[in-house]
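Visitor: Generate coordinates for the sequence data below:
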Amino acid sequence: MIFAANYLMILLIYSAGKLGFWYISCILQFLKSMQGSLRQQLLDTKKCVGCYLEHINLMYADLSNADLRNSNLSGANLSSADLRDARLMGAELVYANLIGAYLIGANLSNSDLSGSNLVGANLRSVNLNDADLKGADLRETILRNARISSANLSGCNLSNADLVYANLENADLRQSNLSNADLIYANLKNANLSGVNLSGANLSGANLSGANVQDAILHKAKLSNAVLISTNFSGANLVRANLIGADLTDADFSESVLVHATMIGAILNRVNFYKAIMPDGSESKDAPQNSVEKINKQD
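Guide: Coordinates of the predicted model:
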């Protein structure tokens with residue numbers, strides 16, 4: 001029934017393009033009333049696989065446990081909607097409004113959320129593996145325990161987001177804003193964080209092994225006890241960063257700025273500090289081992 005309604009809507013839009021203005025107005029009124037009935041049917045059945053639902057208004061809707069796999073919800077208004085445990089695999093939610101929505105436990109793997117607005121949404125334990133969130137607004141979003149591996153988060157705004165224990169392995173976070181984000185014990189192994197703003201972020205105990213953090217801003221970032229094995233921090237700003245007890249084995253800090261950074265108890269095996277600005281403000285031009293000895297003396 002819903003599929004047939006969607007097909008009719010597309011057919012009418014195509015036909016209206018060849019007719020007069022008056023007829024187009026009538027068609028638009030008809031479509032508006034049809035969308036209302038479609039909305040009600042969706043709320044009643046909570047199932048609409050592969051449906052065309054662009055720009056539909058589902059504000060405050062109860063869609064918990066709904067099956068919306070492969071549906072097109074681009075531009076839809078889902079603000080404050082209840083989508084807990086919903087199945088949205090492969091769905092299109094481009095530029096969708098999800099402000100304050102409840103998506104706890106929802107499955108959004110392989111979905112397209114590029115440009116969407118998720119400010120203040122609750123995505124605890126959500127599945128966003130391989131999802132496209134390029135340019136999405138995720139300020140103050142709860143993503144605790146979320147699965148976001150291999151997802152595209154480039155250019156996202158994740159400032160003040162809760163990403164505690166989130167799995168972001170192999171995720172693309174280039175040029176995103178993670179200032180003041182909470183990433184305690186997050187998994188960022190092999191993630192691309194080049195050019196990211198992590199100022200004031202809490203990455204205590206996080207795993208960034210093999211991650212690319214080149215040219216990132218980590219001013220006053222907390223990285224205590226973090227696992228930073230083979231992490232690339234070249235050109236990064238780590239002024240006043242907390243690296244106490246972190247494992248920096250084989251990490252690359254070449255040409256980075258470490259002024260007033262704290263590295264007490266850090267593991268500094270084979271770290272590259274070539275041309276880095278050291279915690280005391282001096283430029284390191286020595287071999288990596290000599291730079292390490294200099295830091296250990298300061299500690």
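Visitor: Let me know whether Arg147 touches Asp130 as I believe.
Guide: No - the pair Arg147 / Asp130 is not scored as a contact, 10.0 Å apart, by Cβ atoms under 8 Å. No exception for glycine: its C-beta is placed from N, CA and C like everyone else's.
Visitor: Which one's more surrounded, those two?
Guide: Arg147 (22 against 19; other Cβ atoms under 10 Å).
Visitor: ok, now which ones touch that one?
Guide: Going by Cβ atoms under 8 Å, 6 or more residues apart in numbering, Arg147 touches 125-129, 166-167.
Visitor: in a helix, that's where Leu42 is, yeah?
Guide: Yes - Leu42: assigned to a helix according to DSSP: H, G, I helix; E, B strand; the rest coil.
Visitor: With the flanking residues excluded, which residue is spatially nearest to it?
Guide: Cys48 (5.3 Å; Cβ to Cβ, 6 or more residues apart in numbering).
Visitor: Please look at the one you found and Asn70 and confirm they touch.
Guide: No - counting by Cβ under 8 Å, Cys48 stays clear of Asn70, with 9.9 Å between them.
Visitor: the more surrounded of these two?
Guide: Cys48 (23 against 16).
Visitor: so what's that one up against?
Guide: By Cβ under 8 Å, 6+ apart, the residues touching Cys48 are 2, 42, 66-68, 71.
Visitor: circling back to that earlier point, max pairwise distance over the contacts of Arg147: which two?
Guide: Spanning the widest gap among the contacts of Arg147 are Ser125 and Asn129, at 12.6 Å by Cβ to Cβ.
Visitor: Please identify which of the two sits among more neighbours.
Guide: Shown here are Ser125 and Asn129; by other Cβ under 10 Å, Asn129 has more neighbours (21 against 18).
Visitor: State the phi and psi torsions of that one.
Guide: Main-chain dihedrals, Asn129, degrees, to the nearest 10: phi -60, psi 130.
Visitor: With Asn192 instead?
Guide: Dihedral angles (degrees, to the nearest 10) for Asn192: phi -100, psi 110.
Visitor: what about it, distance to Arg87?
Guide: As judged by Cβ to Cβ, to the nearest Å, Asn192 and Arg87 stand 29 Å apart.
Visitor: Could you do Val49 as well?
Guide: Look at Val49 and Arg87: by Cβ to Cβ, they are 9 Å apart.
Visitor: How about exporting stretch 150-158 as CSV, limited to the C-alpha atoms?
Guide: The C-alpha trace of stretch 150-158 is given here as CSV (Å, rounded to 0.1, in the frame of the first residue of the first chain):
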residue,chain,number,x,y,z
SER,A,150,35.0,2.9,8.8
ALA,A,151,32.4,5.7,8.7
ASN,A,152,32.9,9.0,6.9
LEU,A,153,32.8,11.8,9.5
SER,A,154,34.9,14.3,7.5
GLY,A,155,34.0,17.9,8.1
CYS,A,156,31.6,17.0,11.0
ASN,A,157,30.9,19.2,14.0
LEU,A,158,31.3,16.9,17.0
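Visitor: Looking at it now, give me its mean pLDDT.
Guide: Regarding stretch 150-158, the rounded mean pLDDT is 98.
Visitor: List the contacts of Leu243.
Guide: Counting by Cβ under 8 Å, 6+ apart, Leu243 has contacts 223-224, 226, 228, 261-263, 266.
Visitor: Closest one of the residues you listed to Asp280?
Guide: For the contacts of Leu243, the residue nearest Asp280 by Cβ to Cβ is Ala261; the value is 10.2 Å.
Visitor: right, and that closest one touches Asn237 too?
Guide: No - taking Cβ under 8 Å as the definition, Ala261 is not a contact partner of Asn237, at 10.1 Å.
Visitor: So these two - more neighbours on which side?
Guide: Neighbours around Ala261 and Asn237, counted as other Cβ under 10 Å, are more numerous at Ala261. The numbers are 25 against 21.
Visitor: Relative to Ser199, how far out is the more buried one?
Guide: 13 Å.
Visitor: shared neighbours, the two?
Guide: Here Ala261 and Ser199 share no contacting residue, scored by Cβ under 8 Å, 6+ apart.
Visitor: so who does the residue nearest the centre of the chain touch?
Guide: The structure's the chain has its C-alpha centroid closest to Leu153; by Cα atoms, centre = their mean the separation is 4.6 Å. Leu153 is in contact with 133-134, 136, 168, 171-173, 176, counting by Cβ under 8 Å, 6+ apart.
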